[in-house]
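Chemist: Quick one, structure for this:
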Amino acid sequence: MNKKLRTIVKLAVVAAIYVALTISLYPLSYGAIQFRLSEFLMILVCYNPLYSISLTVGCLLANIASPMGLIDIIFGTLATLLSCIPMIFIKKNKYLASLIPSIVNAIVIGLELQFAYQVPFYIGAIEVFAGEFVVVSLIGVPVFKAIEKNERVVEALELNVSKSSKLDNFLNSHVLLSFASFIISILLYIRLGLYYKDLGDGSYNIYSLAYYTFDSNEHNNYPFILSLVLLPFLTFLSSLLLKRKLSFILNIVFNSISIIVLIISIIVVKHLVVGQIDFRFYFYFLYFIIVILLEIFSFIKSNRDNLLLNQEKSEMYKEI
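Modeler: So this is what the prediction gives:
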């Protein structure tokens, strides 16, 4: 297989991954606050400009499934293309480049939401910016910073790894990921439905977690739901203030408690309401499981790196 054909295959694979991630997480990939996980791939543009083709085509295909229809196919895809262009020129500072998709999508998708759903522009823009910022800046950049250390992946993806900026070296990926987890928890808490309630005429209404928490006249479940925000905040504080080993252990414990809280919440809800659990609520389980797996992986990797470093130091002392 010649080099051009290999490059075309890689671009096609990245486009396919973008589409698959977007559509498979459909409830979270579209709308005002969207966690389009596939957007973390935008950082690829900083390593190889050709991936702007993959991302633009991938966005176009993924937006065919958008509830906003043709308007999102055209302008959503345009937003991706407009984001890629400046990212190519400021690629050395990954964190600065990662802000471009957040800003562009906030403006373009904010206008889309105003036109399609009459959502006030400033509200739509802020919500889109928040979701994009979490996925691209707080998740995407640390993920690709970790990928930079794997020579095989870098070679396979044809990534041009440049020297890190001072800001890149200063920011800790573990802290950023835990902060992203905290922000995601807040946004999901405000926007994600907990259950469908039968309104008596065969229709259903979606109550958000926040609504359910403070509707205490009918329910008394707020300690459980609030912990879905407080526990991720504690993981952020532990990552920020404690030593890495202790922080990893505590974060795994906190996120495990969050899953237990979810189970208790569902049991309580089923006894209190007539209706059914909003299926999107189950994405919370997937979210916390992914966070726990990331913490475990980071913990193992950190211990392995420390062990290798100690072995190298020991061998140096022996030689001396």
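Chemist: Downstream of the least confident helix or strand in the chain by mean pLDDT, the next helix or strand is which one?
Modeler: Among the helices and strands of the chain, helix 166-170 carries the lowest confidence by mean pLDDT, DSSP states H and E, at a mean of 57. Next in sequence after helix 166-170, counting helices and strands by DSSP states H and E, comes helix 173-191.
Chemist: With only the CA atoms kept, save that next one in CSV.
Modeler: The C-alpha coordinates for helix 173-191 follow below in CSV (Å, rounded to 0.1, in the frame of the first residue of the first chain):
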residue,chain,number,x,y,z
SER,A,173,-3.8,16.4,32.9
HIS,A,174,-5.0,14.6,36.0
VAL,A,175,-6.3,17.9,37.5
LEU,A,176,-7.9,18.9,34.1
LEU,A,177,-9.7,15.6,33.7
SER,A,178,-11.1,15.7,37.2
PHE,A,179,-12.2,19.3,36.6
ALA,A,180,-13.9,18.3,33.3
SER,A,181,-15.7,15.5,35.3
PHE,A,182,-17.0,18.1,37.8
ILE,A,183,-18.2,20.4,35.0
ILE,A,184,-19.9,17.6,33.2
SER,A,185,-21.7,16.5,36.4
ILE,A,186,-23.0,20.0,36.9
LEU,A,187,-24.3,20.4,33.3
LEU,A,188,-25.9,16.9,33.4
TYR,A,189,-27.5,17.6,36.7
ILE,A,190,-29.1,20.8,35.4
ARG,A,191,-30.2,19.4,32.0
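Chemist: pLDDT of it, averaged?
Modeler: Mean pLDDT, helix 173-191: 76.
Chemist: what do you get for stretch 84-95?
Modeler: On average, stretch 84-95 scores 85.
Chemist: Going forward, count from 93.
Modeler: In the new numbering, first residue 93, that becomes stretch 176-187.
Chemist: So for it, what gets flagged as buried?
Modeler: Neighbour-count burial for stretch 176-187, counted by 16 or more other C-beta atoms under 10 Å, picks out Cys176, Pro178, Met179, Lys183, Asn185, Lys186, Tyr187. Where you see a C-beta, it was placed from the backbone N, CA and C, and this is true even at glycine.
Chemist: Now the first one: closest residue in space that isn't a chain neighbour?
Modeler: Nearest residue to Cys176, sequence neighbours excluded (C-beta to C-beta, 6 or more residues apart in numbering): Ser144, at 3.6 Å.
Chemist: what about that neighbour, distance to Leu329?
Modeler: Distance of Ser144 to Leu329, given as C-beta to C-beta, to the nearest Å: 38 Å.
Chemist: the more surrounded of these two?
Modeler: Using other C-beta atoms under 10 Å as the criterion, Ser144 and Leu329 rank with Ser144 on top: 20 against 15.
Chemist: how about that one, secondary structure?
Modeler: Classification of Ser144 using DSSP: H, G, I helix; E, B strand; the rest coil returns helix.
Chemist: next one: Met160
Modeler: Going by three-state DSSP: Met160 is coil.
Chemist: check contacts around the residue nearest to Cys176.
Modeler: Residues in contact with Ser144 (C-beta atoms under 8 Å, 6 or more residues apart in numbering) are Val137, Leu173, Cys176, Ile177, Met179, Ile180.
Chemist: Return the member of those nearest to Ile109.
Modeler: Of all the contacts of Ser144, Val137 has the smallest distance to Ile109: 14.6 Å, by C-beta to C-beta.
Chemist: picking that back up, and of the contacts of Ser144, the nearest to Phe221?
Modeler: Nearest to Phe221, judged by C-beta to C-beta, of those is Met179 at 16.1 Å.
Chemist: Which residue, other than its chain neighbours, is closest to the residue nearest to the spatial centre of the chain?
Modeler: Per C-alpha atoms, centre = their mean, the C-alpha nearest to the average position across the chain is that of Val227, at 3.6 Å. Nearest residue to Val227, sequence neighbours excluded (C-beta to C-beta, 6+ apart): Glu131, at 4.7 Å.
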